[in-house]
Structures are given as C-alpha cells and as structure tokens.
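Sequence and predicted structure are below.
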Amino acid sequence: MRIGELSERTETPRRLLRYYEEQGLIVADRSPNGYRDYDESNVDRVAQIRGLLDAGLPTRIIKQILPCLDKPRSIHFPDATPEMIATLEHERDRMSERVRCLTRNRDAIAEYLEAVLSGDRADPARETSMA
C-alpha cells in the first residue's frame, strides 16, 4: 500500500510515517518510480509504535523492543546496558500505573453512566423537572 493509504488506515500523518521509516521503525519497499510501498503488517506496527510513543518511550528504545512484538518472537539484545534495562523497568512500571489509573477512571465513568441511565428510566418526573 502507498503512504497515503497507510496514513489513512492508521490515522497517522504522512510526515510521521516518513519519520518512523527514517528511524528504522517501519520499512517500505520502493517501486521503480520511487513511491513507498508498505506491507500490510505495517498497519499493526504503526499502531504499536504510536502506543509505545504515547506511553512515553523514546524511538531509540522502541526500535530495540519492536522485535519482541513480532511473532514468532526473536528477542536478542547483545547491547542491553544496565541503564537501558533500568529505563525499560521504569517505563513498564509507569505504564502499569497508567493502566491502573485508566481502569479506575473507566470504572467510575461506567458507574456514573449506569446510575444516570437507570435513574432516568426509573424516575420520569426527574426528566420533566429538568426541562
């Protein structure tokens, strides 16, 4: 697929896709006329990259952990320094905290919606008093 289609399907600006390619996060073949041609697997890869970027990971670390996201998994980090391991542990813990916070917020919204929706159905007088 061409860059425009990948951009549309992933809701990612073309400029960002070119940046991901420059950083070695995604790979495009080149057609004889020079157009980029992306494999279907790049749709999921871009979603993974965006999720990791949203979680606060820098592209240099994302590039190193992308092989862990492939199947079959091929994990080999000959240059994993103690600093990189500490960074990944910190980011993992930070993501876990964000997941807990998002879960609490989702549950609170769900409770609120449930109360509002059941309250609206149970009390027709409430609707008329609000009008």
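Sure thing, it's come through. Residues are numbered from 1 along each chain as shown.

What separation is there between the residue nearest the centre of the chain and A110?
Centroid check for the chain by Cα atoms, centre = their mean gives G51 as the closest residue, at 1.9 Å. Plainly put, G51 is 23 Å away from A110 if you go by Cβ to Cβ, to the nearest Å. In this view, the C-beta of every residue, glycine as well, is placed from N, C-alpha and C.

Show me the domain layout of this structure.
1-77, 80-131 (automatic domain parsing).

Going by neighbour count, list what's buried in the helix or strand harbouring L53.
Assigned by DSSP states H and E, L53 belongs to helix 41-54. Neighbour-count burial for helix 41-54 flags N42, R45, V46, I49, R50, L52 (criterion: 16 or more other Cβ atoms under 10 Å).

list the contacts for the nearest residue to E40 once chain neighbours are set aside?
Ranked by Cβ to Cβ, 6 or more residues apart in numbering and with sequence neighbours excluded, the top spatial neighbour of E40 is M1, at 7.1 Å. By Cβ atoms under 8 Å, 6 or more residues apart in numbering, the contact list for M1 reads R9, D37, Y38, E40, N42.

Least reliable of the domains of the chain by average pLDDT, please.
Lowest mean pLDDT within these: domain 80-131, a mean of 82.

from the middle of its chain, how far away would the one helix or strand T103 maps to be?
Counting by DSSP H and E, the element that carries T103 is helix 82-122. Its chain's C-alpha centre and that of helix 82-122 lie 15 Å apart, by Cα atoms, centre = their mean, to the nearest Å.

what angle sits between that helix and helix 41-54?
90 degrees (axes from the mean of the first three to the mean of the last three Cα atoms, to 10 degrees).

I'd say L88 and I61 touch.
Yes - L88 lies in contact with I61 (Cβ atoms under 8 Å); the separation is 6.9 Å.
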